[in-house]
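[1] return atomic coordinates for the entry below.
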Amino acid sequence: MKCMKTFLMLAMLVALALTASAAPSTEDEMVVAGDDETFDVPHREDEKQTSLRGSSRFLAQKPRATMTCDKYPTVCRTKGSPGPDCCKKKCVNVMTDKLNCGVCGKKCKFPEICCKGQCVNPRSNKRHCGGCNNKCKKGSSCKYGMCSYA
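    Numbers count the residues shown, from 1 in each chain. Sure, this is the predicted structure:
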C-alpha cells in the first residue's frame with residue numbers, strides 16, 4: 001500500500017511538471033544561459049513567430065469543403081464508403097443498416113437487425129438465426145439466436 005501511495009505521488013508530480021512546462025509564456029520569454037544566469041528577451045511586434053508550440057498543425061490548417069452525398073452522389077460508391085446509398089447526407093447500405101433498412105428512414109425495432117433490406121429478429125427467425133443468412137437445418141427451430149436449442 002505504501003508503494004502504491006509513493007507511485008501515485010510520483011505520477012502526480014510528473015503530471016504537474018509536464019503541465020507547468022507546457023504552459024504558454026507571458027509577454028517576455030526567460031532564457032537560461034548557463035548555470036544560474038537568466039535574462040529577459042522581449043518579443044518584437046514585427047517579428048513573425050515561426051513556432052507552432054502550443055497549437056496543433058491540424059488546427060492551423062484551413063478547413064476543407066465537405067463532400068456530401070446529396071450534392072455528389074458518386075461519393076458513396078468510392079472505396080472505403082460505408083455504403084452505396086445516400087440517406088440524410090450520409091452514405092449507408094440500406095441492405096444492412098438498422099436505421100435505414102430497405103429504404104431511407106425505416107428503422108428496425110430494438111431486437112431486430114437488417115438483413116437483405118428487411119428487419120428480422122435473429123433470436124427467432126429460421127433464415128437469419130443469430131445473424132444474417134444463418135439458416136437452421138430442416139426440422140429445427142431458432143430459439144435465443146441458436147438453431148435446435150434444447
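[2] low-confidence ranges, this protein, go.
    Within the chain, the ranges that satisfy pLDDT under 70 run 21-65, 150.
[3] and the helices in it, which stretches?
    When assigned using DSSP state H, the helices of the chain occupy the ranges 2-22, 57-60.
[4] what is the burial count for residue 94?
    Residue 94 has 20 neighbours, counted by other CB atoms under 10 Å. Quick note: C-beta positions are derived from backbone N, CA and C, even for glycine.
[5] looking at the helices of the chain, which is closest to residue 122?
    helix 57-60 (41.0 Å; CB to CB).
[6] chain neighbours aside, what residue packs nearest to residue 93?
    residue 83 (3.0 Å; CB to CB, 6 or more residues apart in numbering).
[7] distance of that neighbour relative to residue 3?
    53 Å (CB to CB, to the nearest Å).
[8] picking that back up, most tightly surrounded among the helices of the chain?
    helix 2-22 (a mean of 9; mean count of other CB atoms under 10 Å).
[9] pull the CA coordinates from it and hand them back as CSV.
    Provided in CSV are the C-alpha atoms of helix 2-22 (Å, rounded to 0.1, in the frame of the first residue of the first chain):
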residue,chain,number,x,y,z
LYS,A,2,2.9,2.3,0.8
CYS,A,3,4.4,1.6,-2.6
MET,A,4,1.2,2.4,-4.3
LYS,A,5,1.0,5.8,-2.5
THR,A,6,4.5,6.6,-3.5
PHE,A,7,3.8,5.7,-7.1
LEU,A,8,0.7,7.8,-7.2
MET,A,9,2.5,10.8,-5.7
LEU,A,10,5.3,10.4,-8.2
ALA,A,11,2.8,10.3,-11.1
MET,A,12,1.1,13.5,-9.8
LEU,A,13,4.4,15.3,-9.6
VAL,A,14,5.3,14.2,-13.2
ALA,A,15,1.9,15.4,-14.4
LEU,A,16,2.4,18.7,-12.6
ALA,A,17,5.8,19.2,-14.1
LEU,A,18,4.6,18.5,-17.6
THR,A,19,1.6,20.9,-17.2
ALA,A,20,3.9,23.6,-15.9
SER,A,21,6.4,23.2,-18.8
ALA,A,22,3.7,23.2,-21.5
